[in-house]
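Trainee: Structure, please.
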Amino acid sequence: MDNATTVLFGLPGVAVESVHVDDDGARTVHVVTDDPTAAACPSCGAFSTSVKQYRTTRPKDLPYGEASLSVRWRKAQCRCREDRCPRTAFTESVPELPPRARATSRLLRFAARAVGAARSVAGVVDELPISWPTAHDAFVAHAATVLTEPAPPAVLGIDETRRGRPRWSRDATGRWRRLERFETNFVDLAGDGGLLGQAAGRTGTAVVAWLDARGEDWKAAVKVVAIDPAAGYRAAVERALPHARVVVDHFHLVRLANEVVTEVRQRATREAHRRRGRRVDPAWAHRRLLLRAGNRLSSRALRRLAAVLARDDPTNESGAAWGVKERFRQVLAARDRHTIASRLHRFREAVVLAGLPEATRLAETVDAWWPQILAFLETGIHERRDRGDQPPGQGRRPDRLRLPQSRQPAAPRTLPLHPAITPDDQWRAGPAPSSSMSRDDARGEGPAPMPGRAPAPSGCIARHPSADPAADVACPRGGR
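Mentor: Predicted coordinates:
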């Protein structure tokens, strides 16, 4: 046994017995146990001198040099002679090679530090003799030892993130089911804490469990919570943080309004052509144009939008949905009480005159979430300070949005103002500006609306709320 070779090998608890070099240059290091405590029984702690047999294992170790390096550890299996010990035999182990370990601890520590230095797990395992799950588990164990409890934020953001791609599987009835894995993220929106933690799933139970694990003092420091319009998250926050003010993220609200335009366009196409939209349909070819913000459209884009509605909107429904969407965007851009009251009134008036079930469902969602929407209008807090930080594919396409499904009965033909806007508030704010959406003006220049449906609203505003009131731009096609 060469002590210099043992020191050079540098694995505590073992000593190098010999080194063999193959014809191709591969090296094999044979080691034996060199730790007196390895002969102690793990159960009772008694030392054993009775060797039952010897075994040779092949643990993975750090690469050394250009040629490959493999380790062979010859260790003894000893008998435990203590009468009251439940263990009859055990195998030698050292801290760097615990029982049933297939890799040395220093190899796992090196992989964990490499991943912690912003390297990908796949890139690390390409250079080390371990698998992806092994490296990932080592990094998780390393992170658990170095991470500390996050400081309580004044503004907490809660949102879900999908892990990987969705999978499809058949259930017992033979029908295909879509399986998705989600995680709930907790983010510090007020300071520089960034991502505070994650919880498996996107249920209210997972949110309550994560918050309760932080402690009462931690929860008491949270003043505002920003979420997407998910009833499960809202119920969880009200249960775990009853003192905090809940704010709904405007990004998801705009997506809900865009979904109204998309659903109306799709339904109108199915009713008119008995099929899905195609490239030859102007409304389908310019579907992205219908979702763009009206105040950001150039003159050329407005003319294109007008041409699309004139050619492929015979029932005036797509134009009405576009107008409802723009009215709602104006509500979300308001900040003072006077502007909020007047624009909310004009939005509800547009919903009633449009007579679209999709727009009515949007109004129901706004009514159910109005306290949280009003909190956003008053605080201006977003769920994420930078939407560009989202993972790839998250929040980029309309079909990636999880929309709350309305389970309420159909709304009446006339929707009252939200009870949070009292008559006194409207009196202080002054009379609501005329929306120019009478039934006579709603006729427009296109064909008559479908029987049994209210005419589409006209005079849809497409200007930014901060612009001069005289700069209102009507909907590109009259009567939309």
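Trainee: ok, which stretches of the stretch 1-150 of the chain are helices?
Mentor: Listed in chain order, the helices of the stretch 1-150 of the chain (DSSP state H, counting those that start in this stretch) span 3-9, 105-116, 121-125, 132-146.
Trainee: I meant to write the stretch 151-300 of the chain there.
Mentor: Assignment of helices within the stretch 151-300 of the chain using DSSP H, counting those that start in this stretch yields the ranges 204-214, 216-220, 231-240, 250-273, 282-285, 287-291, 299-312.
Trainee: Can you pull the poorly scored residue ranges out of this protein?
Mentor: Where the chain drops to pLDDT under 70, the residues are 1-2, 193, 383-480.
Trainee: Tell me which residue is most central in it.
Mentor: Central residue of the chain (Cα atoms, centre = their mean): Thr161, 2.3 Å from the mean position.
Trainee: Confirm for me that that one is in contact with Glu183.
Mentor: Yes: counting by Cβ atoms under 8 Å, Thr161 touches Glu183, with 5.3 Å between them. C-beta: built from backbone N, CA, C; applies to glycine.
Trainee: Sort out which residues of the lengthiest strand in the chain are buried, please.
Mentor: The residue-count maximum for a strand in the chain (DSSP state E) belongs to strand 155-170. Neighbour counts using 16 or more other Cβ atoms under 10 Å place 155-160, 162 of strand 155-170 among the buried residues.
Trainee: Measure how it sits relative to helix 204-214, angle-wise.
Mentor: 140 degrees (axes from the mean of the first three to the mean of the last three Cα atoms, to 10 degrees).
Trainee: so what secondary structure elements neighbour strand 155-170?
Mentor: strand 176-188, strand 224-227 (3 or more Cβ pairs under 8 Å, 6 or more residues apart in numbering; DSSP states H and E).
Trainee: Tabulate those strands in a markdown table, adding columns for mean neighbour count.
Mentor: Compiled in a markdown table, the helices and strands packed on strand 155-170 are given as follows (neighbours: other Cβ atoms under 10 Å):
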| stretch | mean neighbour count |
| --- | --- |
| strand 176-188 | 15 |
| strand 224-227 | 24 |
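Trainee: Dump these to CSV, plus distance to Ser131.
Mentor: Output for the helices and strands packed on strand 155-170, formatted as CSV (distance: least, Cβ to Cβ, whole Å):
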stretch, distance to Ser131
strand 176-188, 21
strand 224-227, 38
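Trainee: Compare those strands and give me the one nearest Asp212.
Mentor: Distance to Asp212, taken as Cβ to Cβ, is lowest for strand 176-188 among the helices and strands packed on strand 155-170, at 12.7 Å.
Trainee: Neighbouring strands - and their directions - for that closest one?
Mentor: The strands beside strand 176-188 in its sheet (DSSP bridges) come out as strand 155-170 (antiparallel), strand 194-200 (antiparallel).
Trainee: What lies in contact with that strand?
Mentor: Contact with strand 176-188 is made by 150-151, 153, 155-164, 166-171, 193-202, 206-207, 210, 384, as judged by Cβ atoms under 8 Å, 6 or more residues apart in numbering.
Trainee: from the chain's centre, how far out does it sit?
Mentor: Once both centres are worked out by Cα atoms, centre = their mean, to the nearest Å, strand 176-188 turns out to sit 7 Å from its chain's centre.
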